[in-house]
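Student: model the structure of this input:
(chains A and B)
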Amino acid sequence: MTTSAGSRAELIDALTAELIAAFEAWPGKGSSWSEAVLDEWAMRVFRLQIEGIPTYRRYCESRGVGPEDVRSWREVPPVPTAAFRVVDLIVGGPEAARLTFRTSGTTQGRSARGRHLVRAPELYRASLRPTFRAYVLQEDVQAKIVTLPPSFTYDSASSLGWMLDDLRTGLGAGDGLSVATASGIDWQALASEVQRSLDTGRPLCLLGTTVGFAEWVDRMERDGGSAVRLPEGSVAMDTGGAKGRAGLQRADVARGLVGWLGLSPDRVFNEFGMTELLSQRYAAGEPPLPLRGPPWLRTRVLDPATLDELPDGDVGILSHFDLANAASVCAVLTEDRGRIVGDGIEWIGRTAGAPPRGCSLATAELLEARQHA
Amino acid sequence: MLEAWHLPGLTGAPAEWMEGRTRTGKRFRAPVLSAAEAGSVADAVLQATLAARRERTVEQIVNEIARAAARLTEEGLDATTARELLRAELGWSEELSRETLEGMGRAWTVESLTRLVESEFSSFAVLDGFVTDPGWRGAGRRSRRAIGPPVVLQVLAGNVPGVAITATIRALLVRSGVLCKLPESEPGLLPLFARLLAEQDPILGRAVAATWWPGGSFPAIWREWTKWAGAAVVYGGEHTLESVRAALPPDTEIITYGPKTGVAVVLPDSPAGAATELARDICAYDQQGCVSPRLVYVVGESVLAFVLTLAAALEEHTGTNPPPDPSEEEAVAIRAVRTAFEFGGYEHGRTSVEAPGDALTWTILIGDDDSVRTESLPRVVWVRSSPSVTSLEDVLRPLEGRIQTLGYAGTDGLEKLAEVGTRLRVGRVAPFGSMAWPPPDWRHDGRNQLLPLVNWTDFEVPE
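Tutor: Coordinates of the predicted model:
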């Protein structure tokens, strides 16, 4: 039985409210949800998604999957991330969107940026905050949160900007600070915060991109300053990876933060997120880092050729299921390589573009050559 | 471990090795040569070439080449070795390996090589010595002789298997010796052929040297070999061509074979069976060839009707001739392009995809969406419609000079299609079923195969 648009909106809003309550009730890491609980959610959410997103419905139908066919989160047909570059996947259509996030187009160029329309920012927040508290910054640590990347104010298409703004304003003592300016990071302001933390003994929670932290470490090395030891309870969290920068290794950046700021390695966190997903995973320590997340975010590792699920430990393509995506699509097939490590995942990297084989012409190569000429 | 080298003149066991892997993970190795060793190899090739010039006629060279090449294709231990080589290096099936070797081998027979030489020169004689020019209108007489440079440097970076052999044969036919940089993708076949040639004819076998080093690097061997080369023949993508050109001495003549694509046109009166023939062309060389069709235009009839028959033909062909697994990158890229066409179609109705479910053995992208570009992905074709043959000229204009073969099925508008092909500087207009297998005397990249290598000497004698 299909549902009218009006009642569908009510249903998704009611479901969102239930999910928010469930997320907020999660006691934190060490506590998981049973497969049965997740499957129950998956069935309910999937039904709404294929009714509310016509393109997703057709995608599922072409694979012989209808609303009654899914009994487990594992059976929900995953949508390749490439779809976000072509269509809007949101229950109720683009007019229901309250936020629009764009992918960075790191590997495909800016022209191939996808977008993720968010119907319920409060659901995103309900996933974000408990997970961050569980893995990065415990509630009882009154650290000052300092964010390095441009905030949502400067880049209103950035899910990262929105996320960091929310953490900065919503967690800690509420006195967080962004050291981003329209033209980049205010290094002087950042240095002042570090000094203030050293002077007052209040821990710092530094949130930034891998690239931004790399630049900071480079500057500290170049300027030849002295290493410091941030107060107990301080943490740093980087995200985003090398973004195609040659020679940039996340492990080097983490080591730089440990060395210059006196953080122990297990207080330097790496965040894994995607514009197409509203939940995150976190890791700390030495590689291979098991990235762990909330119980409503699950990941399968699939054979790239067959999409069959691979045994734990085998490297394949990551396919996520995220209930925070309830109003878009929960099951997302990425272009990332990775594997299951313990109760988390290891993200190995984005698959490179397929190199041309033989002497057959890749149209892209031709176009590039002609533009070059 | 595969030995990816054939280096006459190299004395003693190599002290140092370099290792590589093909995309299937097959390990191979080649010796690291000092400048002196590379020079000894080049000198050995030169001396053998000069000896062949003294002691062999071109007809004899043709016979020896054909005998060695036949051992790769005619049933026997060497042919088995060659097929096993392709299977290991490329992950190809036995059937695809056999089909490719047999297909290429048809161009390596005495008949085919004779046809090639005679199509570009009046006869073998002009490569053996001076031949009187009957067209001479001046006083006395004139005779002419053609010969290649003593040493040709070959760089194989992007090519289908067997092309290294074809390139080597071309050089030998114009009496040149060969120094060859082998491709990482398939480094084994030319050394095998060179060994067979050496068994057949030790002089010719020593006129060919081949080895591998990592692409993009120009080690001591490169610097030494470029000093000996009178011409360079380079196969590869745009970046390879550019970097090799920059790394060659400025006075080295360079002949390049860049990437090309194949376009297939279904004319309104295309016969039943056209899709089957096209499927065979698509699947040849696992669609890696510059002759492989990637774009299909259906003129004036239902695209979907043709797509369905092509889908059935591809399914049947891949059933009997299974493709290798795509690489992880290829799998992701195929899914991405399928997704763009599929979701794009749900959104605006102009595109769709035909494929065997989530399996990646073949993919037909259907419809018109200029925002999506095709890549050289295995067994992926893009079928579009065209209102007429003449309108193809504008549509294909961006590919001008980059279409190796324009395939066709049917006769309605065929002459116009050939005219369009001429204006687009297409190398060959050929029926489905023969797109992937050009005749021995075809114009590769629209050019002669042997003539670009030779220098002519006119010998004028007054009465």
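
Student: how near is B:Val381 to B:Leu278?
Tutor: Separation of B:Val381 from B:Leu278 (CB to CB, to the nearest Å): 8 Å. Heads up, the C-betas are built off the backbone N, CA and C, glycines and all.

Student: sorry, wrong one. I was asking about B:Thr24.
Tutor: 27 Å.

Student: contacts only, for B:Val126.
Tutor: Listed by CB atoms under 8 Å, 6 or more residues apart in numbering or on different chains, the contact set of B:Val126 reads B:Arg144, B:Arg145, B:Ala146.

Student: pick the one among those residues closest to chain A.
Tutor: Using CB to the nearest CB, B:Ala146 comes nearest to chain A of the contacts of B:Val126, at 27.1 Å.

Student: circling back to that earlier point, most surrounded residue in the contacts of B:Val126?
Tutor: Within those, neighbour counts (other CB atoms under 10 Å in any protein chain shown) peak at B:Ala146, which reaches 20 neighbours.

Student: now that residue. Nearest residue, chain neighbours left out?
Tutor: In this structure, B:Ala146 finds its nearest non-sequential neighbour in B:Val454, 4.2 Å apart by CB to CB, 6 or more residues apart in numbering or on different chains.

Student: same deal with A:Ser279?
Tutor: Distances taken as CB to CB, 6+ apart put A:Leu297 closest to A:Ser279, at 4.0 Å, once the chain neighbours are dropped.

Student: do the same with B:Trp108
Tutor: Closest to B:Trp108 by CB to CB, 6+ apart is B:Ala69, at 3.6 Å.

Student: where does pLDDT dip in chain B?
Tutor: Residue ranges of chain B with pLDDT under 70: B:158-159, B:369-375.

Student: quick one, domains of it?
Tutor: B:2-258+B:445-461, B:261-431 (automatic domain parsing).

Student: next one: the longest one to chain centre, how far?
Tutor: What that stands for is domain B:2-258+B:445-461. 13 Å (CA atoms, centre = their mean, to the nearest Å).

Student: tell me the residues of the stretch 51-200 of chain A that contact chain B?
Tutor: Residues of the stretch 51-200 of chain A found near chain B (CB under 8 Å from any CB of the partner chain) are A:54-55, A:58-59, A:62-63, A:79-80, A:82-83, A:85-87.

Student: in strands, which of these fall?
Tutor: Of the positions in these, A:Val79, A:Pro80 sit in strands, assigned by DSSP state E.

Student: and the two most separated of the residues of the stretch 51-200 of chain A next to chain B?
Tutor: Using CB to CB, the two most remote members of these are A:Arg63 and A:Arg85, lying 20.2 Å apart.

Student: okay, now the nearest residue to B:Gly300 once chain neighbours are set aside: neighbour count?
Tutor: Excluding the flanking residues, the one nearest B:Gly300 by CB to CB, 6+ apart is B:Pro268, at 4.7 Å. Residues lying near B:Pro268 (other CB under 10 Å) number 14.

Student: B:Pro268 against B:Val299, yeah?
Tutor: Yes - taking CB atoms under 8 Å as the definition, B:Pro268 is a contact partner of B:Val299 at 5.8 Å.

Student: mind listing the helices for chain A?
Tutor: Along chain A, counting by DSSP state H, helices occupy A:5-24, A:35-52, A:54-62, A:121-135, A:159-170, A:187-200, A:210-223, A:250-261, A:363-372.
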